[in-house]
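A.B. asks: The following comprises the amino acid sequence and a computationally predicted model.
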Amino acid sequence: MKSSSPRHTSTRDYNYEIVSVDTDVAYRTWMAKYPSALSSFEQITNFAKGKRIALFLDFDGTLSPIVDNPDFAFMSTNMRATAAKVAKYFPTAIISGRSRDKVYNFVGLADLYYAGSHGMDIMGPIRESFDDPPNCIISTNKQGK
């Protein structure tokens, strides 16, 4: 969870000390305001019928675990396969404060959109037809990527 999220604890913490009831109340209050998308999945899919869905993900802490050295934040094989599968159904983007090239090299999936530097540097998959607005700039490297 994000550091801004209340810490979820049981009635005892790891040192077997009694945890404050206020912490539990704060967590339940936070969860009521920001429910899990997984627990509301059916409601979300019903609301989304007939609409175009896109998925935006962060790399650090979402697709990879948070680690002390950012150069060692790697996706699991299972997470990579899941991201590839989702991208077949929905436009899927990874947005990061890291450079776009660094995130692309970590993920390595060509069918995703990548936004580095907090969205200042964006690339997406090459499409057969371009129906982009006239002011959209499309560029590729020497390999057509």
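C.D. replies: Yep, it's here.
A.B. asks: which stretches of this protein have low pLDDT?
C.D. replies: 1-22, 126-145 (pLDDT under 70).
A.B. asks: ok, which stretches of it are helices?
C.D. replies: When assigned using DSSP state H, the helices of the chain occupy the ranges 21-33, 41-48, 77-89, 100-107.
A.B. asks: what's in contact with stretch 108-115?
C.D. replies: Outside of stretch 108-115, the residues within contact range by CB atoms under 8 Å, 6 or more residues apart in numbering are 80, 83-84, 87-88, 91-96, 100, 103-104, 107, 121-125, 145. In this view, the C-beta of every residue, glycine as well, is placed from N, C-alpha and C.
A.B. asks: Same check on stretch 62-81?
C.D. replies: Residues outside stretch 62-81 that contact it (CB under 8 Å, 6+ apart): 57, 59-60, 83, 94, 98, 106-109.
A.B. asks: can you pull the buried residues of it?
C.D. replies: Within stretch 62-81, the residues that qualify as buried are 63-64, 73, 75, 80, counting by 16 or more other CB atoms under 10 Å.
A.B. asks: for these, which one is nearest Lys49?
C.D. replies: The shortest gap between Lys49 and any of these belongs to Leu63, at 27.2 Å (CB to CB).
A.B. asks: Which residue comes closest to the most centrally placed residue in the chain once chain neighbours are left out?
C.D. replies: The residue at the geometric middle of the chain, judged as the C-alpha nearest the mean C-alpha position with CA atoms, centre = their mean, is Leu57 (1.7 Å). The shortest distance from Leu57 to any residue that is not its chain neighbour, by CB to CB, 6 or more residues apart in numbering, is 5.3 Å, and that residue is Ile94.
A.B. asks: do you know how far the one you found is from Phe47?
C.D. replies: Ile94 sits 24 Å away from Phe47 when distances are taken as CB to CB, to the nearest Å.
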